[in-house]
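Student: Generate a structure from the sequence data that follows.
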Amino acid sequence: MSFIPLKPIPIKDRNSMIFVGMGRIDVRDGAFVVIDEVHGERMHIPVGSIVCLMLEPGTRISHAAVKLAATTGTLLIWVGEAGVRLYSAGQPGGARSDKLLYQAQLALDADLRLKVVRKMFEIRFGEEAPQRRSIDQLRGIEGSRVRKIYQQLAKQYGVDWRGRDYDVKDWDKGDAINQCLSSATACLYGVTEAAVLAAGYAPAIGFLHSGKPLSFVYDIADLVKFETVVPIAFKVAAKKPHQPDREVRIACREIFRSSRLLSRLIPLIEDVLAAGEIEPPKPPEDAQPPAIPEPPSVGDEGHRSKWP
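Tutor: Sure thing, here's the model as predicted:
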């Protein structure tokens with residue numbers, strides 16, 4: 001039987017995420033496995049059908065496993081306790097130069113950037129943004145509305161809400177609802193970053209957010225978080241579970257599946273950027289073609305292909 005090479009599959013056809021803690025990740029007999037070195041047990045992970053793997057403290061990963069994840073277009077994210085603090089991310093594909101130039105052109109032109117931000121406002125709140133407002137003014141309006149939504153959810157679920165307050169250096173310092181919100185948004189940021197990369201764009205080039213490594217990820221995640229992960233955080237906090245972060249993760253995976261979020265993210269990204277009403281730049285006429293052209297990929301546009 002001939003060997004069938006591994007290639008990325010579209011994000012819309014995958015499951016969202018898996019958290020891995022306290023184990024060694026390696027490749028055995030061609031399979032991606034987590035090995036419990038104390039008991040010698042193995043857990044197989046279908047790496048090609050996962051959007052991202054969240055690697056918690058106590059996890060080690062081999063070169064072969066990183067290579068396999070890259071081949072299948074799976075994002076590796078190294079996180080802190082409860083998945084809250086992101087240390088590093090292994091890019092699942094390669095950002096495309098045409099997409100980067102398009103994104104940068106929209107972000108650098110003040111008028112085009114404002115069009116994109118206004119589109120984000122419309123998607124998020126279901127109404128057109130107020131006229132003759134700057135980005136800073138729209139950011140202020142958005143902040144005021146978001147605070148009201150948090151208050152409404154706290155009242156709906158009977159949760160004591162004193163505002164969004166957390167310390168990334170001290171997980172236990174935050175109250176239950178802020179711990180749940182941090183865990184929930186970490187899940188959303190993981191799958192959103194994978195979608196941004198798979199679409200061929202740069203996570204750092206944002207429009208409403210700026211100056212952060214994940215500015216564009218925050219822009220896109222904010223468009224869907226109040227219909228997905230934020231209500232989950234309040235619902236879990238209201239139950240006062242012993243392990244709130246675990247309950248949140250399970251609920252986030254379910255809402256990602258039931259809302260078909262993974263099939264919506266890349267079209268959402270393209271819809272937001274299309275608000276700038278410009279055509280993506282075409283390659284220059286004198287562009288040198290690659291010496292060894294890449295084969296067509298069945299994955300998303302930002303995923304790298306692999307020769308058979």
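
Student: rest of the way, CA atoms for contacts and neighbours
Tutor: Fine.

Student: ranges for the strands of this protein?
Tutor: For the chain, applying DSSP state E gives strands covering 15-20, 23-28, 31-36, 41-44, 50-55, 59-61, 75-79, 86-90.

Student: For Arg24, see how far away the residue nearest the centre of the chain is.
Tutor: A centroid search over the chain (C-alpha atoms, centre = their mean) returns Thr192, at 2.1 Å, as the residue closest to the centre. Counting by C-alpha to C-alpha, to the nearest Å, the gap between Thr192 and Arg24 amounts to 26 Å.

Student: related to what we said a few turns ago, now for the strands of the chain, which one comes closest to Phe216?
Tutor: Distances from Phe216 to each of the strands of the chain were compared by C-alpha to C-alpha, and the smallest falls on strand 86-90, at 15.1 Å.

Student: Using the record's assignment, carve the protein into domains.
Tutor: For the chain, the structural domains run 11-90, 97-274, going by automatic domain parsing.

Student: average pLDDT for the shortest one?
Tutor: So the one you mean is domain 11-90. Mean pLDDT, domain 11-90: 81.

Student: Stretch 176-188 now?
Tutor: The predicted model gives stretch 176-188 an average pLDDT of 90.

Student: With stretch 260-280 instead?
Tutor: 90.

Student: how far is it from where the chain is centred?
Tutor: 15 Å (C-alpha atoms, centre = their mean, to the nearest Å).

Student: Show me what that stretch is in contact with.
Tutor: In this structure, residues lying in contact with stretch 260-280 by C-alpha atoms under 8 Å, 6 or more residues apart in numbering are 11-14, 16, 98-99, 101-103, 106, 112-113, 115-116, 119-120, 191-192, 195-196, 199, 220, 256.

Student: Just the CA atoms from it would do, formatted as CSV, please.
Tutor: As requested, C-alpha coordinates have been extracted for stretch 260-280 and formatted as CSV (Å, rounded to 0.1, in the frame of the first residue of the first chain):
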residue,chain,number,x,y,z
ARG,A,260,-20.1,26.3,13.6
LEU,A,261,-17.7,29.0,14.6
LEU,A,262,-14.7,27.5,12.8
SER,A,263,-16.6,27.6,9.4
ARG,A,264,-17.4,31.3,10.0
LEU,A,265,-14.1,32.8,11.1
ILE,A,266,-12.3,33.0,7.8
PRO,A,267,-15.3,34.3,5.8
LEU,A,268,-15.8,36.8,8.7
ILE,A,269,-12.2,38.0,8.4
GLU,A,270,-12.5,38.5,4.6
ASP,A,271,-15.9,40.3,5.1
VAL,A,272,-14.3,42.7,7.6
LEU,A,273,-11.4,43.6,5.3
ALA,A,274,-13.6,43.9,2.3
ALA,A,275,-15.2,46.9,3.9
GLY,A,276,-12.1,48.9,2.9
GLU,A,277,-13.4,48.6,-0.7
ILE,A,278,-10.0,48.0,-2.3
GLU,A,279,-8.7,45.1,-4.4
PRO,A,280,-5.9,43.0,-2.9
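
Student: Helices of the stretch 201-308 of the chain, start to end?
Tutor: With DSSP state H, counting those that start in this stretch, the ranges of helices along the stretch 201-308 of the chain come out as 215-222, 229-239, 244-258, 261-274.

Student: I misspoke; the intended subject was the stretch 51-200 of the chain.
Tutor: Taking DSSP H, counting those that start in this stretch as the criterion, the stretch 51-200 of the chain carries its helices at 63-72, 97-108, 110-125, 135-157, 176-198.

Student: Spit out the contact partners of Cys180.
Tutor: Cys180 touches 233-234, 236-237, 244-245, 248, counting by C-alpha under 8 Å, 6+ apart.

Student: Of all the helices of the stretch 201-308 of the chain, which one is nearest His39?
Tutor: Of all the helices of the stretch 201-308 of the chain, it is helix 244-258 that lies closest to His39, at 22.9 Å by C-alpha to C-alpha.

Student: for the helices of the stretch 51-200 of the chain, which one ends up most surrounded?
Tutor: Among the helices of the stretch 51-200 of the chain, helix 176-198 has the highest mean neighbour count (mean count of other C-alpha atoms under 10 Å), at a mean of 26.

Student: the inter-axis angle of it versus helix 215-222?
Tutor: An angle of 120 degrees separates the directions of helix 176-198 and helix 215-222 when computed by axes from the mean of the first three to the mean of the last three C-alpha atoms, to 10 degrees.

Student: how many neighbours does Asp160 have?
Tutor: Taking other C-alpha atoms under 10 Å as the criterion, the count of residues near Asp160 is 15.

Student: so Ile205 touches Gln105, yeah?
Tutor: No: in this structure Ile205 lies outside contact range of Gln105 using C-alpha atoms under 8 Å: 10.3 Å.
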